[in-house]
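Peer 1: Predicted model and sequence follow; I will ask about them next.
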Amino acid sequence: MRSPRHAGESRHPEPLEKTGFRVKPGMTEEQVRLFLRHPPPPVAHEARGSEPGPCHADSLPGRGFPESPSRGPGAAVELSALQLGMTFTENRRRGAGSGGDAGPLSSTGLSAGDDGCRTDPAGEGFAAIDPAMHNQICTGCSCLCDDISFSLRDGLPLQALNLCETGWKRIEPLRTAERTDPVTPEKLRGEIRLAARLLADNGPVLVLGADSLDEAGIRASRRLAKALGGLCLPRPFEAIRRFHERVRRFGWATALLDDVRDRADLVFFWRADPLRTHHRHLSRYSFFARGRCTERGHQDRKLAAVLEDQGPLETLCHHFFRIPPERDADLLDALANPSAPARFEHRDLPLLAGSVQRAAFIALFVDPERVGDDTLDRLFRWSAALNNEGIRRHVILPLWSAGTNMEGFCQVSLETCATPCGWDFSGQGVAGDGGNRGSEISLQGVRSLLLVAAGDRTGAAETLPGSLRDKPRVVLDPFGTLPLEQGDLVIRAALPGFECGGVFWRADGLPFEVPGLKGLRDRGLVSPETVLSEIARELP
Amino acid sequence: MEKIRIRNAAVYDPSQGWRGELRELDLANGRVCRPSADPDRVIDAGGRPVLAGGIEPCCWAAAPGLALFRGLAGFPSPEDIGRTYARLGYVHMHHPFTGLLTARLTRRGLDLIPYVDTSTCAAVDLRDLGPVIRANRFEDFRRQARGLIRAAGALGVVLPFPHLRHRERQHLQKNLSSGKVLSFLSRLEDPDLLPVHLWASPEILHQEIPGADRFHLCGLAAALRDPSSLERAAAFLDAGGSADLGLGTGRDELAVESASGMEPGTLSLDTGLASTLQWRVRSDPAGSISCRAGWKLLARAKPSWRLALGAAGPAGGRPGSLGEAAAWLLAPAWRPPELRGLLPGFSFDLEEYALRTRLQPARILGFDDLGHLGVGARACVAIYDLAAGAGGADLARASALMPDDDLPPGAGPVFPRAALRECWCLIKDGVPVREEGRFTGRLPPRRTRTRDLEANAQELARTEAFQSLTVRAENLWVDD
């Protein structure tokens, strides 16, 4: 069933009015293309000492951010569209001022312009894109944007519309013709047999990182761990345990992202930076997006953030706190008790306290991996206190930087063992009880590892906890980017969400059926679920 | 599928006027059929009571957040829910409602429940359908509500919150009073949308509900918080309305309420509806007002009342709690001290049990082929062993302690306490699921039932919901 028009960002306000990045009715295609090729001169914030991360929007050549003379509503509009992870199509819709559109693409033949990743080197237009490639769901992060359009050439992704930097990095491996060595069924079978022997000889086994797989892959990971009498944990298992321990202790008020979009008039990012991990979060859900009670989008909202370093988010924020994690507690105390003598001083604090007082719906996004126990305690207490006042609504949503299907992992884990932390079949009661009792999850007894790579170098030894680095390791690498010497055995697999379909869960816990991209080059790769199931079958 | 004959069956079926007379039941092709000459298999019920498979009218089994709540409060897993209902002799379970945004999540949760069929209703959000109600546009409402049922894969529509109140001054003109909404719904003429389910609350009970026969109150027991609400509920049922009622047994249960406050162990969720839903564990002792109210209402039940008994407790959050309550219903000796003296002269027999737990729920949910054992009905049969167990001596002791005024004349049969908690045999759609008190290991076919009606989900495109979705609509629709 197809909707007659796009239902997502078509109602976004024009956030970029001061940049001139706006397609107005009557503008010619050439005028727009010219602007995209030559954006306003950037004033890179690297000059102020920032070091963007690998997924940072600013890491691309030709990118930069205008220096903001002052924070506030005006500053919120000084980023270019590409820096915000938005692409031409969105802005074209806004410029046209329509409540909807006839489809994500038209015959304008425009591409994402100066974005190094998304530029069409041949200058080809999107008019030639196979219609079946429209409205795809991106599994690059847990935003699950469902308005992505791809064009393929010879089975390789050539162009993409609406795809943010995070998503593009995820499919980057698919763009190279020599993604992996040819994988023949015989070779794959041999690798699977080797892996089964290695894991069976070195129990208990830890299956780590299934949170980046689709739901079927997660269930297959669980089955394998069960067959091996081992553990199956998500990568940030310790943070999940700590977060859910607070949920149990204090109660939890949370919301769908649709409610955030509809109602949130104060959006808080606490140690979570969407411009690094979830590029389109601001535009689709939390800040720029228009909702029922936020009809003017970002003009009806205040944006606040607490981060350790500077970043592009600062220029958008009405209230920005660049403070070390040790000062979180003081800031939260000051917010929870505005009338108490302040131990925390910051120029934005009185303004933020005022925004909290005026807000009817506060959405706080936190990356539990980046906050300590004390901060989590105070966040949940503050949330409970505000909700019990009965005047305003305060919701907390975790924004995990790891694992694109983290919510799916937690859901499957909760359904099967009543804890979101994963499964422990080793008989030691380590992971399964961790979520309930709040005890530390110990990995001391683990003797080997099956690691699911999640892109970049997440399968590499240096990314693992110290106690796991020297263990025999089988790496399931859907990206094909990990050097083979990084594991005792590296098995290539299809990339979930792109090369094979599956069920992925959005950051707020809604499941979506992702069909995968049709027409990609067949490289002989099978889905991670198949690989994991085959390993389980080959166990002696 | 094998042909099964159940002989020596004391069949209770109010729709057929069967009151426990011994007869034979023939099942073939998943249906109750006329007697045939060559059954593949004969099950001797040995004079045990035989009822149609039970139907749960209200159980929160697949809502968003339930999986999390399982970790917090020990809510059963989908597998456990299915087994609990099969053990109880049930074949269908109805989840109260789902919003449009969470329809797929709910469907997924329902599909994970084995043994029993499932269904749900689609919640009418007054923020979306309010404009057509305000303007009395019945035809538009009809089309949009049908579209909503289609999109959410539901049986019907439910109004979880009867009014719409905006806090924001600029939206005040969109507010709707419950009187206006109920008046509008009472004038609906589309039989496919009736009865409109209302999520029972003290507030709605104190409203004047015009055209009561067009409404169903789900989760009624949770709304009976004072004597006046009890009277209002009785008046609603007298006027031809229908309701489902869970009976409290004093044990903890999961409660779902419309509240936004926070306590340790609570889960407060905004699920895309106009109000916040709060999950918490509620402890109502057997002697508490809220626990006794349901029993009081049941004691006043008239044969004409369209009242179904829920098996999941007053708040619909404890699957299978009717197993305990059934013993209290059918054998007064088992009633706890808190309920004694509360139900003078109240008798409840298996015929009444079959009416309230089979026939009435089936009629309320619109199932012609469930809830009875007439020819053509689905072959869903539960057999109970009222003589099983060693309850006799305990029962005699309990009877001796019981005040005389609680015993109706000829107090009727006495049952072991667990008699209705675990069925002796359950056949669902012709597949024996339990035999001789044990699971057979066979999984019957199951499905999530939806209303088969002519509707177009695209009708929702005119609503505000469609305008502000965060995803493409086709990624939300439930595909059958």
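Peer 2: Received it, and whenever you're ready, just let me know what you need. Numbers count the residues shown, from 1 in each chain, chains lettered A, B, ... in the order given.
Peer 1: Hmm, B:Pro445 is touching B:Val433, no?
Peer 2: No: B:Pro445 is beyond contact range of B:Val433, at 11.0 Å (criterion: C-beta atoms under 8 Å). From N, CA and C alone the C-beta is placed, and that goes for glycine too.
Peer 1: Now do the helices in the stretch 151-300 of chain B.
Peer 2: Secondary structure of the stretch 151-300 of chain B by DSSP state H, counting those that start in this stretch: the helices cover B:178-186, B:202-205, B:227-238, B:289-299.
Peer 1: Do me a favour and get the end-to-end distance for stretch B:306-322?
Peer 2: Between the start and the finish of stretch B:306-322 there is a gap of 19 Å, counting by C-alpha to C-alpha, to the nearest Å.
Peer 1: which phi and psi does the residue of the stretch 1-150 of chain B found nearest chain A have?
Peer 2: In the stretch 1-150 of chain B, the residue that lies nearest chain A is B:Ala67 (3.9 Å; C-beta to the nearest C-beta). When quoted as degrees, to the nearest 10, the phi and psi of B:Ala67 stand at phi -60, psi -40.
Peer 1: need the contact list for it.
Peer 2: A:411, A:414-415, B:109 (C-beta atoms under 8 Å, 6 or more residues apart in numbering or on different chains).
Peer 1: Helix, strand, or coil at the nearest residue to it once chain neighbours are set aside?
Peer 2: Nearest residue to B:Ala67 in three dimensions, chain neighbours excluded: A:Leu414, at 3.9 Å (C-beta to C-beta, 6 or more residues apart in numbering or on different chains). Secondary structure for A:Leu414, judged by DSSP: H, G, I helix; E, B strand; the rest coil, is helix.
Peer 1: From what I see, A:Leu414 and B:Phe75 are in contact.
Peer 2: No: in this structure A:Leu414 lies outside contact range of B:Phe75 using C-beta under 8 Å: 9.9 Å.
Peer 1: For the nearest residue to B:Tyr85 once chain neighbours are set aside, grab phi and psi.
Peer 2: Spatial nearest neighbour of B:Tyr85, excluding adjacent residues (C-beta to C-beta, 6+ apart): B:Val116 at 4.8 Å. In terms of degrees, to the nearest 10, the main-chain angles of B:Val116 are phi -110, psi 150.
Peer 1: So B:Val116 sits against B:Arg87, correct?
Peer 2: No: using C-beta under 8 Å, B:Val116 is not in contact with B:Arg87, being 10.9 Å away.
Peer 1: Between these two, which is the more surrounded one?
Peer 2: Between B:Val116 and B:Arg87, counted using other C-beta atoms under 10 Å in any protein chain shown, the more crowded position is B:Val116 (29 against 19).
Peer 1: For B:Val91, see how far away that one is.
Peer 2: Per C-beta to C-beta, to the nearest Å, B:Val116 is found 6 Å from B:Val91.
Peer 1: sec struct for B:Arg104, please.
Peer 2: Classified using three-state DSSP, B:Arg104 is helix.
Peer 1: neighbours around it, how many?
Peer 2: Neighbourhood size, B:Arg104 [other C-beta under 10 Å]: 22.
Peer 1: Which pLDDT does the model give the closest residue to B:Arg5 other than its chain neighbours?
Peer 2: Excluding its sequence neighbours, the residue lying closest to B:Arg5 (C-beta to C-beta, 6+ apart) is B:Pro39, at 3.9 Å. What the model reports as pLDDT for B:Pro39 is 90.
Peer 1: With A:Ser80 instead?
Peer 2: For A:Ser80, pLDDT reads 43.
Peer 1: Tell me how far the residue of the stretch 51-200 of chain A found nearest chain B lies from A:Ala494.
Peer 2: Closest to chain B within the stretch 51-200 of chain A is A:Asp146: 5.0 Å, counting by C-beta to the nearest C-beta. Distance, A:Asp146 to A:Ala494, by C-beta to C-beta: 21 Å.
Peer 1: Any stretches of chain B with poor pLDDT?
Peer 2: Judged by pLDDT under 70, chain B has its weakly predicted residues at B:388-417, B:480.
Peer 1: okay, now the domains of it?
Peer 2: With domains defined by automatic domain parsing, chain B comprises B:4-51+B:378-439, B:63-374+B:448-476.
Peer 1: now for the first one, what's the gap between its first and last residues?
Peer 2: So the one you mean is domain B:4-51+B:378-439. End to end - C-alpha to C-alpha - domain B:4-51+B:378-439 spans 18 Å.
Peer 1: do the last one as well
Peer 2: The separation between the terminal residues of domain B:63-374+B:448-476, taken as C-alpha to C-alpha, is 15 Å.
Peer 1: what do you get for stretch B:103-121?
Peer 2: End-to-end distance for stretch B:103-121: 10 Å, by C-alpha to C-alpha.
Peer 1: And stretch B:248-266, by the same measure?
Peer 2: OK, stretch B:248-266 end separation, C-alpha to C-alpha: 21 Å.
Peer 1: Over to stretch A:354-373?
Peer 2: Stretch A:354-373: ends 27 Å apart by C-alpha to C-alpha.
Peer 1: what about it and chain B, touching?
Peer 2: Yes: Stretch A:354-373 lies within reach of chain B by C-beta under 8 Å from any C-beta of the partner chain, at A:Ala360.
Peer 1: Just the buried residues of that stretch, please?
Peer 2: Going by neighbour count (16 or more other C-beta atoms under 10 Å in any protein chain shown), the buried part of stretch A:354-373 is A:355-356, A:359, A:361-371.
Peer 1: when you check those against the strands, which ones overlap?
Peer 2: Taking DSSP state E, the ones among these that sit in strands are A:361-366.
Peer 1: biggest separation within those residues, which pair?
Peer 2: A:Phe361 and A:Val366 (16.6 Å; C-beta to C-beta).
Peer 1: that older thread, can you pull the contacts of the residue nearest to B:Ala67?
Peer 2: Contacts of A:Leu414 (C-beta under 8 Å, 6+ apart): A:420, B:67-68, B:70-71.
Peer 1: which one of those is nearest A:Ile137?
Peer 2: Nearest to A:Ile137 among these: B:Ala67, at 22.3 Å, using C-beta to C-beta.
Peer 1: Quickly note the distance from that closest one to A:Gln411.
Peer 2: Taking C-beta to C-beta, one finds B:Ala67 at 6 Å from A:Gln411.
Peer 1: Next: A:Cys141.
Peer 2: For A:Cys141, the distance to A:Gln411 - C-beta to C-beta - is 17 Å.
Peer 1: who's more crowded, the two?
Peer 2: Shown here are A:Cys141 and A:Gln411; by other C-beta under 10 Å, A:Cys141 has more neighbours (27 against 24).
Peer 1: Pretty sure the more buried one sits against A:Glu165.
Peer 2: No: counting by C-beta under 8 Å, A:Cys141 stays clear of A:Glu165, with 10.1 Å between them.
Peer 1: pLDDT weak spots in the stretch 151-300 of chain A?
Peer 2: Using pLDDT under 70, the stretch 151-300 of chain A drops low at A:177-182.
Peer 1: repeat that with 50
Peer 2: For the stretch 151-300 of chain A, not a single residue meets the criterion pLDDT under 50.
Peer 1: Enumerate the residues of the stretch 301-450 of chain A near chain B.
Peer 2: A:360, A:383-384, A:387-388, A:390, A:393, A:395, A:411, A:414-416, A:418-420, A:435-436.
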